[in-house]
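# my questions concern the predicted model and sequence given below.
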Amino acid sequence: MGTYIVAKNDDGQYFIKLKAKNGKVILNSLRYLSKSVCKNEIETIRIIATDILKYEYKKTFDGKFYFRLKSALGEVLGHSNLFDSAELRDSEIEMVRKIAPIAMVRIF
């Protein structure tokens, strides 16, 4: 099982990180003004994470791969780290699809 981490950055904004069981961050959220918004976003992520159509497959100008998870309205909910290959990115998407619906939540 994985864990959603809700924390506050130095600017006073909150963010979510979804971590796999091994501690690796597999999804990073946008920044939010409150913990309650983060909690709502986690519930949204839980619901849509299994839908492969909610993932946007991306490539940077310098050849790195990443993905974005989007809401039903097309809003970005989270993004991945950068990968050297499309295969690694796609593998990470599958990990998010499995972990996101059942991960526990830790709030700092």
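Perfect, thanks for sending it.
# residues contacting Lys19?
2-5, 25-26, 103 (CB atoms under 8 Å, 6 or more residues apart in numbering). In short, each C-beta sits where N, CA and C put it, glycine included.
# give the bridge partners for it, please.
For Lys19, the beta-bridge partners are Thr3, Val25 (DSSP bridges).
# what about it, distance to Ala103?
Distance from Lys19 to Ala103, counting by CB to CB, to the nearest Å: 8 Å.
# roughly how far does the most centrally placed residue in the chain sit from Thr60?
If you average the C-alpha coordinates of the chain and look for the closest C-alpha using CA atoms, centre = their mean, you land on Leu27, 2.7 Å from that point. Here the criterion is CB to CB. By it, Leu27 lies 18 Å from Thr60.
# count the neighbours of Gly78 for me.
If you count neighbours by other CB atoms under 10 Å, Gly78 ends up with 23.
# same question for Ile42.
The burial metric for Ile42, expressed as a neighbour count using other CB under 10 Å, is 20.
# quick one: residues contacting Ala49.
The contact partners of Ala49, by CB under 8 Å, 6+ apart, come to 69, 96-97, 100-101.
# again, only this time at 10 Å
18, 27, 55, 69, 77-78, 93, 96-103 (CB atoms under 10 Å, 6 or more residues apart in numbering).
# what of Asp62?
Taking CB under 10 Å, 6+ apart as the criterion, Asp62 is in contact with Leu82.
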